[in-house]
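# Provided below for reference: sequence and predicted model.
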Protein chains: 2
Amino acid sequence: MTHTQGKETVVTKETQATGPKGWIGYRPEIKVMDCTIRDGGLMNNHRFDHEFVKAVYQADIEAGVDYMEIGYKASKKLVSRNEFGAWKFCDEDDMRRIVGDKKSSVKISVMADAERTDYHTDILPKDKTVVDMVRVATYIHQIPAALDMIKDAHDKGHETTINLMAVSTVPDLELDNALEALCNSDVGTLYIVDSFGTLYGEQVQALMHKFLKFARPAKKTIGIHTHNNMQLAFANTIEAIILGANMLDASIAGLGRGAGNCPMELLLSFLHNPKFNLRPVLRCIQHHVEPMREKLRWGFGIPYMVTGHLNQHPRTAMKFMEETDGRDILKFYDAAIEEE
Amino acid sequence: MTHTQGKETVVTKETQATGPKGWIGYRPEIKVMDCTIRDGGLMNNHRFDHEFVKAVYQADIEAGVDYMEIGYKASKKLVSRNEFGAWKFCDEDDMRRIVGDKKSSVKISVMADAERTDYHTDILPKDKTVVDMVRVATYIHQIPAALDMIKDAHDKGHETTINLMAVSTVPDLELDNALEALCNSDVGTLYIVDSFGTLYGEQVQALMHKFLKFARPAKKTIGIHTHNNMQLAFANTIEAIILGANMLDASIAGLGRGAGNCPMELLLSFLHNPKFNLRPVLRCIQHHVEPMREKLRWGFGIPYMVTGHLNQHPRTAMKFMEETDGRDILKFYDAAIEEE
């Protein structure tokens, strides 16, 4: 692999960039996935109103974003509709109220949690739904369940990804086993998911090399989903791009769980493919996303830095931010270190 | 140079890490410079009160920080004392009110702007001042003046650095010339200064390689000073560390001009040298720095992202943030693109 001084223009045997080369070029295979509604929904129990979801969808269309993840397909047997908003379930009617019947250039994705989705009934065949892609979110011990969900979604005609969550906690041997099994499945994209926002650039590089070892011969795409606990979400996304990741998750203004995700506006500024446009994203930030800042309170903060640094789930930090004014960071830090 | 999977533990011929190797090790040569008062002073005309400066100094002592930059040595012929606070001038008496007569483990640095400092009179000899280090800030066209200032400070017994500002705007040939001249001077450290917060990781790498080419044979240290316009201040600092930068600028809670600097709390979490302690920095953030957030309004924001992306000085973004509520980012963006 020749890595030219050129940001996303890594030239590999698989990905031969067309057009301008080097720093000013781009890799046309790169796709951008907007997770604003799905990951942001973890901050408000998925209660975004129609106008907001529509605004994000419209921004994605105008910005040239490739996919929009509109929410989860949670099991109604396990999760009450009273406790969560529409985007925890993504009923077909709700999705159609956003995208209409005539599809746009933006593909629609839903996330299906392993062991928490009634996928046999709730994931509809391609000709009966506006969904284009099913992303199966799984912890390492749920891989067998995830593989069955992948098969189901693939057989129904959907693009598929596997999002191996909290990869920072997975022992090396298990990860090798999982990647081997996944590369023998029909899944299209293998995601590196830094759920805890704990990875430094060199760790992303090491994971990319491991994922590439399995994914390249199997001709699978690699994706990256980052969290901003250590202000590295954007930088780590770039690291993955340089080594060949072609499916990139981002959220508008970084709206996502806890410290949030790689900000869409930074990612689109960075990417050189002229199909991407920054301005619609900025408009959406100004009119729709920033007005929710005070209520949802996502984004970098010391408690998230602490859990990220400790390779812990952000739930304690989220609880702290919800239940306090967030100022007593020493108290949070002392408790976190104590529990270690 | 062997870059082991090991964050700051790059093993070079010059820097042979002692103790544990690889990811868990550290490079003892690495020094941390706290710029909170100096760079943060650009947000309030250097009007920090005594209690605040003292608190930062105390935090640095307890945190194991190596240097604290306490402000500028501006010429009183050029700059009025009425318009600026004490830390624009760093009079000896003011500094002594902070550090006392008995020096601590933290060395004191002052920044002297080329062509804006009466250095012959205002930089005192080492035995008459609490200053340990003089950092000469210079644009590329001021290098001859800067060299004279370096000589003056060095002859007076001080450690010296040259901070070549806005390096992202310097033509390659001029930079080569400057580095050659600087390596023939007495300066101790050559700084890569990303004044506009415009550099991506690969650009930092390229600059590091260039700086190393000159600095290594001359046995000069390389330093890095970043701004967070694109949420890359910390990531870019790590990039420089990996390639061998041993003098690292950071600010508590990132307090610095515009989008701010590499946050000290992130940097100290990352560094493995046990002499560094995070907790005193968190205490200082909680009790002293965060309470100023609303007034000083530093930190990442879209206007800073825009100027960073355009490789522009942040002054238009700072003006926009000062004069408006900062919400109409589209207006700022449209004007910035128009002017390009």
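Looks like it arrived, so ask away.
# now do the SS call for the residue in chain A positioned nearest to chain B.
Closest to chain B within chain A is A:Ala235: 3.2 Å, counting by C-beta to the nearest C-beta. For every residue, glycine as well, the C-beta is placed using N, CA and C. At A:Ala235, secondary structure determined by DSSP: H, G, I helix; E, B strand; the rest coil is helix.
# any idea how far B:Glu339 is from it?
Per C-beta to C-beta, to the nearest Å, A:Ala235 is found 28 Å from B:Glu339.
# for these two, indicate the residue with more neighbours.
Taking other C-beta atoms under 10 Å in any protein chain shown, A:Ala235 and B:Glu339 do not tie; A:Ala235 has more neighbours (27 against 9).
# ok, that one - contacts?
Neighbouring residues of A:Ala235 by C-beta atoms under 8 Å, 6 or more residues apart in numbering or on different chains: A:201, B:201, B:231-232, B:234-236.
# flag every residue of chain A that's near chain B.
Residues of chain A lying close to chain B by C-beta under 8 Å from any C-beta of the partner chain are A:5-7, A:200-202, A:206, A:228, A:230-236, A:238-239, A:242, A:263, A:265-266, A:269-270, A:278-279, A:282-283, A:285-286, A:290, A:302, A:305, A:309, A:327-330, A:333.
# filter the residues you listed to the buried ones?
A:6-7, A:200-202, A:228, A:230-236, A:238-239, A:242, A:263, A:265-266, A:269-270, A:278-279, A:282-283, A:285-286, A:290, A:302, A:305, A:309, A:329, A:333 (16 or more other C-beta atoms under 10 Å in any protein chain shown).
# helices - which of these land there?
Counted as lying in helices by DSSP state H, out of those, are A:201-202, A:233-236, A:238-239, A:242, A:265-266, A:269-270, A:279, A:282-283, A:302, A:305, A:309, A:329, A:333.
# A:Trp87 contacts A:Arg38, doesn't it?
Yes: if you go by C-beta atoms under 8 Å, A:Trp87 and A:Arg38 touch, sitting 7.2 Å apart.
# mutual contacts of the two, please.
By C-beta under 8 Å, 6+ apart, A:Trp87 and A:Arg38 have these common neighbours: A:70-72.
# by contact count, what packs against the one helix or strand A:Ala181 maps to?
Per DSSP states H and E, A:Ala181 falls inside helix A:172-183. Secondary-structure packing of helix A:172-183 (3 or more C-beta pairs under 8 Å, 6 or more residues apart in numbering or on different chains; DSSP states H and E): helix A:143-155, strand A:159-164, strand A:189-193, helix A:201-218.
# closest to B:Cys183 out of those?
helix A:201-218 (29.1 Å; C-beta to C-beta).
# according to the record, where do the domains of chain A fall?
A:26-295, A:301-339 (automatic domain parsing).
# reformat these as a markdown table; add mean pLDDT.
Listed next are those as a markdown table, based on pLDDT from 0 to 100:
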| stretch | mean pLDDT |
| --- | --- |
| domain A:26-295 | 97 |
| domain A:301-339 | 96 |
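# out of those domains, which one sits most buried?
Most buried of the domains of chain A by mean neighbour count (mean count of other C-beta atoms under 10 Å in any protein chain shown) is domain A:26-295; its value is a mean of 20.
# can you give me the offset of that one from its chain's centre?
Put simply, domain A:26-295 sits 3 Å off its chain's centre (C-alpha atoms, centre = their mean, to the nearest Å).
# how long is that domain end to end?
One end of domain A:26-295 to the other measures 38 Å (C-alpha to C-alpha, to the nearest Å).
# ok, now stretch A:114-133?
Distance between the boundary residues of stretch A:114-133 (C-alpha to C-alpha) amounts to 15 Å.
# please list the residues outside that stretch that contact it.
For stretch A:114-133, contacts defined as C-beta under 8 Å, 6+ apart pick out A:67, A:72-79, A:90, A:92, A:95-96, A:99, A:103, A:107-110, A:112, A:134, A:136-139, A:142-143, A:145-146, A:149, A:152-153, A:156-161.
# I am finished for the moment; much appreciated.
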